[in-house]
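Enquirer: Everything below, folded, please.
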Amino acid sequence: MAGRCRPNTLRAVAFDLKTFFTVVGKDPVEVTAADVFDFLADQRGDRTVIRLADRESGLSARTIARRLSSVSGLYAYLVARGDTPVQANPVPRGLMTRRQGGSVRSRTAPLVRVPRTLPRILSPAEADQLLAALRTDRDRAMVLAMLLAGLRRCEVLGLRFADVQVADRRLVITEGKGGHHRVVPAANRFFGALGDYLHEERPAAADTDRLFVVLKGPRRGLPLSAGGLDEILAGARQRAGLEHATCHELRHTCLTRLREAGMALEAVQAQAGHRSIESTRVYLHLANDWLADQYLRACALIDADTAAVGQMLAIQETAVS
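Expert: Below is the predicted model:
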């Protein structure tokens, strides 16, 4: 994992494996499919109490599916090595259904069905409230990087001085998901807040080329951590009286607004850094006007075709009489 994944992915997988073997309490060689099902039940929690939001209990389906994937990946690695007593992967690929025909995959039901839900976004008023609740230019610059340029949290924290192209109003993203690099434009508001932060707030003694650093305390001048950014956003969210406003919701808000403004889907994909355009299509549904416009345009064409057919039939009837 360390050889092909980003540090955050490595930490997530390590935690998933630690959680699994803590719950199962067996040597990896002794784990069976029954243990996997017991772990699944443990992660689902008390089924007598459910959340109103998704009608589920315990951890979310996405988290459980990711943990099962991590465990399955471990055993696939052990089987591939061929030098351990593990000869088969105890994590079932799914449960066979009674469906006839098709491929094996189409006849298999997943152990955990992950719902496809639309991401939450902020309204313009909520975004203004959040920005007004921020206390420093540094915080404002970080939020604007997500809200106006669509950067991920790790991409904001990974920005270095060399990544900022002020003359071109662009940012070079080298800490992107999957290690992919890209260059994205950013609005003047971001560069204005960034300039104020660099001139007025950033410690002169900071011994790092990272843009965003801690401003006070024992870690003053050191690169800001993901936990620090989350804490800043949580405080601003509380002061603004907002129920939701995470880093990823700010990114979703940016990409949705770009699509609503008429930006081509391929351009939104490039701005977001998505490897597949299927990941970008979700913003078509978040852009409220897009579906309505397409629907109304289709209805107008249908009505025009119906009217044309009616006129043609009327002409034919007149000619026959």
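
Enquirer: Please make it C-alpha for all contacts and neighbour counts, starting now.
Expert: OK.

Enquirer: Point out where this protein drops to low pLDDT.
Expert: 47-57, 96, 98-107, 288-291, 319-321 (pLDDT under 70).

Enquirer: From the recorded domain assignment, give the ranges for it.
Expert: Domains of the chain are assigned by automatic domain parsing as 7-109, 124-285.

Enquirer: Span of the shortest one from start to end?
Expert: The separation between the terminal residues of domain 7-109, taken as C-alpha to C-alpha, to the nearest Å, is 32 Å.

Enquirer: To which secondary structure element is Val172 assigned?
Expert: Here Val172 sits within strand 170-173, counting by DSSP states H and E.

Enquirer: hmm, who's touching that strand?
Expert: 155, 159, 163-165, 181-186 (C-alpha atoms under 8 Å, 6 or more residues apart in numbering).

Enquirer: Let me see the ranges of the strands in the stretch 1-150 of the chain.
Expert: 95-96, 108-109 (DSSP state E, counting those that start in this stretch).

Enquirer: mind putting those in TSV, distance to Ser225 and mean neighbour count included?
Expert: As requested, those are exported to TSV (distance: least, C-alpha to C-alpha, whole Å; neighbours: other C-alpha atoms under 10 Å):
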stretch	distance to Ser225	mean neighbour count
strand 95-96	41	12
strand 108-109	40	14
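
Enquirer: Which of these sits closest to Gly195?
Expert: Between Gly195 and the strands of the stretch 1-150 of the chain, the shortest gap by C-alpha to C-alpha is with strand 108-109, which sits at 53.2 Å.

Enquirer: Adjacent strands (with direction) for that closest one?
Expert: Using DSSP bridges, strand 108-109 pairs in its sheet with strand 95-96 (antiparallel).

Enquirer: wait, what's in contact with Val71?
Expert: Here Val71 is in contact with 16-17, 20, 91 (C-alpha under 8 Å, 6+ apart).

Enquirer: on that earlier part again, can you add distance to Leu171 and give the strands of the stretch 1-150 of the chain back as CSV?
Expert: Formatted as CSV, the strands of the stretch 1-150 of the chain follow (distance: least, C-alpha to C-alpha, whole Å):
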stretch, distance to Leu171
strand 95-96, 46
strand 108-109, 43
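
Enquirer: before we move on, back to that, out of the contacts of strand 170-173, which are inside helices?
Expert: Among the contacts of strand 170-173, DSSP state H puts Glu155 in helices.

Enquirer: out of the contacts of strand 170-173, which are buried?
Expert: Neighbour counting with 16 or more other C-alpha atoms under 10 Å marks 155, 159, 163-164, 183-184, 186 as buried within the contacts of strand 170-173.

Enquirer: Hmm, Val114 and Arg62 touching each other?
Expert: Yes: using C-alpha atoms under 8 Å, Arg62 is in contact with Val114, at 5.8 Å.

Enquirer: neighbours of the closest residue to Arg6 other than its chain neighbours, just the number please.
Expert: Leaving aside its sequence neighbours, Arg6 sits nearest to Gly178 (C-alpha to C-alpha, 6 or more residues apart in numbering; 6.3 Å). Using other C-alpha atoms under 10 Å, Gly178 is surrounded by 13 other residues.

Enquirer: All set now, cheers.
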